[in-house]
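In: From the sequence below, what's the structure:
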Amino acid sequence: MKSKKITSFIILCFFSCSIMAQLPNGSIAPNFILTDLNGNEHKLYNYLDLGKFVLLDFFAVWCAPCQSQAYLLESIYQNYGPNGNNSLMILGLESEDTTLDSQCTNYNGFPWGTITSYPIINDTEEVPYAYNINYYPSVYLICPDKTITEINESEIISIGDFISSNCGTSGCTDPSAINFNPGATEDDGSCQPGWTQEINIPDGWSIFSTYIQSNNMNVQANFYQKEEVIIIKNYLGQAYLAGWNFNGIGDIKFNQGYQIKTNGNCSITFEGEYMDPEYNIINLENGWNMISYLRLDPAPANLVFQELVEEGNIIIVKDGTGAAFLPDWDFNGIGNLEAGHGYQLKTNYPGTLTYLSNYEQY
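Out: Got it, this is the predicted structure:
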């Protein structure tokens with residue numbers, strides 16, 4: 001909704017209004033699916049089902065208190081949003097009928113687009129009606145159990161304490177556990193320990209991979225204390241240059257392999273969720289790929305790649321030492337594929353590779 005009705009009486013009753021009561025605290029938040037200015041879709045209940053808290057900011061671009069509050073909300077978003085502890089989402093809902101998308105970026109010199117990195121939604125459809133919004137700004141905290149509480153500026157400032165007092169919920173509070181609940185404020189003893197994989201990396205060039213997905217797979221975060229590391233490269237040639245503190249790779253992906261050069265033996269440990277081989281397909285591009293090995297036990301390269309060979313979609317596979325599997329020559333110089341190792345693979349066309357489960361044998 002972009003309601004002209006709201007505009008018509010909001011000027012008369014900015015601080016209090018009896019025309020229409022806002023949703024009372026403790027009500028169940030109406031669900032919605034809306035698209036922000038960047039084209040991203042947001043479904044309220046999806047965030048709540050993930051255990052996140054949600055702040056809904058119903059505002060108007062021309063509203064001076066809304067403009068002032070935007071700085072505060074952005075600060076909260078940096079601390080508790082995806083760049084912080086990732087326990088909270090903020091959605092800004094511009095609730096006026098005549099507002100243009102461009103005005104949600106800059107309104108008469110006020111730089112909304114520069115100040116806010118949290119999602120701004122201009123096409124709010126009927127949502128402000130559903131929440132009975134009758135003044136700006138109106139900010140609701142929605143707990144994972146879908147109950148709502150209207151909050152003021154002082155409560156926003158102390159949002160962490162306010163959440164603990166009003167959205168207290170039990171769950172796993174250990175970030176390393178595979179069932180970590182970012183919305184939990186009290187640990188209920190349900191944490192399930194994650195998997196641990198230690199990978200030994202030899203001196204010189206090699207290829208590694210991991211079957212772990214953790215909360216932080218950033219290359220620099222995982223390798224910055226490894227003085228032996230000189231360079232890490234992915235299959236695209238993007239690099240992490242340790243000596244320059246340059247990370248052109250970003251995050252380590254569990255379905256890819258990575259070339260690494262060191263000036264000595266070292267090891268790296270990953271902790272998190274084990275990515276079951278039978279449920280995680282390895283996508284192959286035409287030409288050279290660098291893939292991971294997701295199984296726990298070794299398996300012969302010629303048997304692992306047998307289906308790709310029968311499809312005529314494999315030219316060569318190489319390990320980190322240069323040993324090769326050459327299907328046209330029926331030659332397996334690699335032997336077994338092993339966990340922690342990565343492999344270069346050249347295909348004739350795009351395809352997929354799915355490993356057998358750990359309960360099956362090649």
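In: contacts, neighbours, all on C-alpha from now
Out: OK.
In: Show me the shaky parts of the stretch 151-300 of the chain.
Out: 168-170, 175-176, 178-179, 181-185 (pLDDT under 70).
In: That one: strands as residue ranges?
Out: 170-171, 186-187, 195-201, 204-208, 212-213, 229-233, 239-241, 246-247, 258-262, 266-274, 282-284, 287-292, 299-300 (DSSP state E, counting those that start in this stretch).
In: how about JSON lines for these, with distance to residue 108 and mean neighbour count added?
Out: Output for the strands of the stretch 151-300 of the chain, formatted as JSON lines (distance: least, C-alpha to C-alpha, whole Å; neighbours: other C-alpha atoms under 10 Å):
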{"stretch": "strand 170-171", "distance to residue 108": "45", "mean neighbour count": "17"}
{"stretch": "strand 186-187", "distance to residue 108": "45", "mean neighbour count": "14"}
{"stretch": "strand 195-201", "distance to residue 108": "53", "mean neighbour count": "16"}
{"stretch": "strand 204-208", "distance to residue 108": "54", "mean neighbour count": "20"}
{"stretch": "strand 212-213", "distance to residue 108": "46", "mean neighbour count": "22"}
{"stretch": "strand 229-233", "distance to residue 108": "47", "mean neighbour count": "21"}
{"stretch": "strand 239-241", "distance to residue 108": "43", "mean neighbour count": "20"}
{"stretch": "strand 246-247", "distance to residue 108": "39", "mean neighbour count": "16"}
{"stretch": "strand 258-262", "distance to residue 108": "50", "mean neighbour count": "21"}
{"stretch": "strand 266-274", "distance to residue 108": "48", "mean neighbour count": "17"}
{"stretch": "strand 282-284", "distance to residue 108": "48", "mean neighbour count": "18"}
{"stretch": "strand 287-292", "distance to residue 108": "51", "mean neighbour count": "21"}
{"stretch": "strand 299-300", "distance to residue 108": "65", "mean neighbour count": "16"}
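In: Same list (those) but as CSV, adding distance to residue 328.
Out: Formatted as CSV, those follow (distance: least, C-alpha to C-alpha, whole Å):
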stretch, distance to residue 328
strand 170-171, 54
strand 186-187, 57
strand 195-201, 31
strand 204-208, 24
strand 212-213, 33
strand 229-233, 29
strand 239-241, 32
strand 246-247, 38
strand 258-262, 26
strand 266-274, 34
strand 282-284, 19
strand 287-292, 17
strand 299-300, 16
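In: Helix or strand next in line after the longest helix along the chain, which one?
Out: What stands out as the longest helix in the chain, according to DSSP state H, is helix 64-80. Next in sequence after helix 64-80, counting helices and strands by DSSP states H and E, comes strand 88-94.
In: What are the contacting residues of that following strand?
Out: 2, 47, 52-61, 73, 77, 80-82, 104, 118-124, 183 (C-alpha atoms under 8 Å, 6 or more residues apart in numbering).
In: how far off helix 64-80 does that strand point, in degrees?
Out: 160 degrees (axes from the mean of the first three to the mean of the last three C-alpha atoms, to 10 degrees).
In: So in that sheet, which strands flank strand 88-94, and in what orientation?
Out: strand 53-59 (parallel), strand 120-121 (parallel) (DSSP bridges).
In: Minimum distance to residue 194: which of the ones you listed has it?
Out: strand 53-59 (24.3 Å; C-alpha to C-alpha).
In: Helices along the stretch 101-250 of the chain, start to end?
Out: 112-115, 127-130, 153-157, 159-166, 219-223 (DSSP state H, counting those that start in this stretch).
In: Turn these into a markdown table, columns for distance to residue 28 and mean neighbour count.
Out: Shown next, in a markdown table, are those (distance: least, C-alpha to C-alpha, whole Å; neighbours: other C-alpha under 10 Å):
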| stretch | distance to residue 28 | mean neighbour count |
| --- | --- | --- |
| helix 112-115 | 30 | 16 |
| helix 127-130 | 11 | 18 |
| helix 153-157 | 20 | 14 |
| helix 159-166 | 14 | 15 |
| helix 219-223 | 40 | 17 |
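In: Please produce JSON lines containing the ones you listed, extended by distance to residue 198.
Out: Converted to JSON lines, these look like this (distance: least, C-alpha to C-alpha, whole Å):
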{"stretch": "helix 112-115", "distance to residue 198": "43"}
{"stretch": "helix 127-130", "distance to residue 198": "50"}
{"stretch": "helix 153-157", "distance to residue 198": "42"}
{"stretch": "helix 159-166", "distance to residue 198": "36"}
{"stretch": "helix 219-223", "distance to residue 198": "12"}
